[in-house]
Structures are given as C-alpha cells and as structure tokens.
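Q: Build me a model from this:
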Amino acid sequence: MAFWHGEKGKKRTGGTISLSRGKRKVELGSVELHTKIGADKRRVDRRKAANIKVRALSAEFANVLDPKTRVTKKVKILGVVENRANPHFVRRLIITKGAVIKTELGNARVLSRPSQNGVVNAIKVD
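A: Below you'll find the predicted structure:
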C-alpha cells in the first residue's frame, strides 16, 4: 500500500480544489517501518536522484557515547526501557528516536532514526 503526499483536492476549511494535474511518482511516500531488537537486518531503498536510504529492520548493536569520557563504543542492545513515542513499543521491543534502551554499559537514549539511517546511535544516561 502506497502513501500519497500530493494535493488532496480539499482546503483546510473543507472546500474543494480542482486539481490541475494528476498524481506523480515523486509524491509517493513509504510504509512506516519499526526497527526491532534482533539480528542485524537492513534494507536499501532507492530514492530520488539515484540516492539510497538504508533502513534498519532489526538491530543487535548500538553505538553508545559516554559523555563523561567522550568515548563511543559498539555495545549489544539488551532491551527497551522506555519509549515516549508509544508505550506499547516497549513490550514489542521497537526502537525509535528518543527511546531509552538497556545496553551492556547501562541505559542509553537513542539519538538517531534507525528506520531512516540504518544505525542505532545513542548517548548514555545516568
């Protein structure tokens, strides 16, 4: 199922607009992707102007920055502690930007968008 981000033929007030042209492929969106905890799996999508977007389907490791020592380490993700985007994502082990994950170094807040960037970057929280 595709998502279309073009003109809808309606104004904010509810009035109609007569569209001067049809749909364009560039106006298509993509299905929302949820990155889960598990073996590393990535998908490469082609974008406009021959660009690519790497999407993480599942992630096993995270790049965690320790703010005190200024050292970044690749550590294993053990679980999801908190997710403000959706409380049910904690139970389903879904990682989004802003989620607090449990790692080998301790709890860390995710700074990247794994479903858009393909990696999990986080900063250690005390």
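
Q: need the contact list for residue 67.
A: By Cβ atoms under 8 Å, 6 or more residues apart in numbering, the residues touching residue 67 are 123, 124. Backbone N, C-alpha and C define where each C-beta goes, glycine included.

Q: repeat that for 10 Å
A: 123, 124, 125, 126 (Cβ atoms under 10 Å, 6 or more residues apart in numbering).

Q: Who wins on neighbours among those?
A: For those, neighbours were counted using other Cβ atoms under 10 Å, and residue 124 has the most, 19 neighbours in all.

Q: separation between it and residue 76?
A: According to Cβ to Cβ, to the nearest Å, residue 124 and residue 76 sit 14 Å apart.

Q: Residue 90 in helix, strand or coil?
A: Here residue 90 is recorded as helix under DSSP: H, G, I helix; E, B strand; the rest coil.

Q: for this structure, what spans make up the strands?
A: Taking DSSP state E, the strands of the chain run over residues 3-4, 28-29, 35-37, 41-46, 52-59, 61-66, 71-82, 94-95, 100-103, 106-110, 121-124.

Q: most packed of these?
A: strand 94-95 (a mean of 24; mean count of other Cβ atoms under 10 Å).

Q: for that one, packing partners?
A: Applying 3 or more Cβ pairs under 10 Å, 6 or more residues apart in numbering; DSSP states H and E, we find strand 94-95 packed against strand 35-37, strand 52-59, strand 71-82, helix 114-117.

Q: which residues touch it?
A: The set of residues external to strand 94-95 that reach it, using Cβ under 10 Å, 6+ apart, is 34-37, 56, 58-59, 62, 77, 80, 83, 85-86, 88-89, 101, 110, 112-115, 120, 122.

Q: picking that back up, just put the strands of the chain in a markdown table and tack on mean pLDDT and distance to residue 15.
A: Listed next are the strands of the chain as a markdown table, based on pLDDT from 0 to 100; distance: least, Cβ to Cβ, whole Å:
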| stretch | mean pLDDT | distance to residue 15 |
| --- | --- | --- |
| strand 3-4 | 86 | 20 |
| strand 28-29 | 86 | 25 |
| strand 35-37 | 97 | 40 |
| strand 41-46 | 93 | 36 |
| strand 52-59 | 95 | 36 |
| strand 61-66 | 98 | 48 |
| strand 71-82 | 97 | 43 |
| strand 94-95 | 97 | 39 |
| strand 100-103 | 97 | 45 |
| strand 106-110 | 97 | 42 |
| strand 121-124 | 98 | 45 |
